[in-house]
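> pasted the sequence and its predicted model underneath.
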Amino acid sequence: MSYAREVNFPEGTRIFEEGGRAESFWIVRSGTVTLEVPLPSGGHRGAAPVESLGPGELVGWSWLFPPYTWQLSAEAMTPVRAYEFDGAAVRMLMDADPAFGSAIGHWVGRILAVRLQQTRNRLLDLYAPRPTA
């Protein structure tokens, strides 16, 4: 926690945008953050929500994997209080302490696995064939 700083995001704040440089990550203390996939600028504009994150949850994983570019966008849906961590500093700690690095890698990996499964389930709900009566 000595590498964390407390931050606040007012409702509606864009925390990061897909394609931007991923230099930080956050642990939500209070409030709700929505992860989004930007929609093509064809006929529709805006973004499609992927997931809502709340207290105790990790916001951002792209800081851990080169090329350190955001894969999604994030917006504060309510006022958000969070702990912000410098991704480069945490990566240096991970390199210096292999046990710590392994623990962080496994933690982020578990989160990614759960979110991937949740996304798969949402896609199946949206696009799976429906039985006809």
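Here it is on my side, so go on. Residues are numbered from 1 along each chain as shown.
> secondary structure of Phe100: a helix, I assume?
Yes - membership of Phe100 in a helix is supported by DSSP: H, G, I helix; E, B strand; the rest coil.
> quick one: neighbours of it, just the number.
For Phe100, the tally of surrounding residues (other C-beta atoms under 10 Å) stands at 13. Just so you know, the C-beta spots here come from the backbone N, C-alpha and C atoms, and that holds for glycine as well.
> for it, give its distance to Phe9.
The gap separating Phe100 from Phe9 is 28 Å, by C-beta to C-beta, to the nearest Å.
> point out where the chain drops to low pLDDT.
Within the chain, the ranges that satisfy pLDDT under 70 run 41-45, 126, 133.
> quick one, helices of it?
87-96, 98-127 (DSSP state H).
> can you say which of those is packed in most?
Comparing the helices of the chain by mean neighbour count (mean count of other C-beta atoms under 10 Å), helix 87-96 comes out on top with a mean of 14.
> am I right that Phe25 is in contact with Tyr83?
No - using C-beta atoms under 8 Å, Phe25 is not in contact with Tyr83; the gap is 9.3 Å.
> so Ala88 versus Arg130, what's the distance?
Applying C-beta to C-beta to Ala88 and Arg130 gives a distance of 48 Å.
> what is the burial count for the nearest residue to Ser30 once chain neighbours are set aside?
Leaving aside its chain neighbours, Ser30 sits nearest to Arg81 (4.7 Å; criterion: C-beta to C-beta, 6 or more residues apart in numbering). Neighbour count for Arg81, taken as other C-beta under 10 Å: 15.
> residues in contact with Arg81?
Listed by C-beta atoms under 8 Å, 6 or more residues apart in numbering, the contact partners of Arg81 are Glu6, Val7, Asn8, Val28, Arg29, Ser30, Gly31.
> gap between Ile15 and Pro67?
On the measure of C-beta to C-beta, Ile15 and Pro67 end up 19 Å apart.
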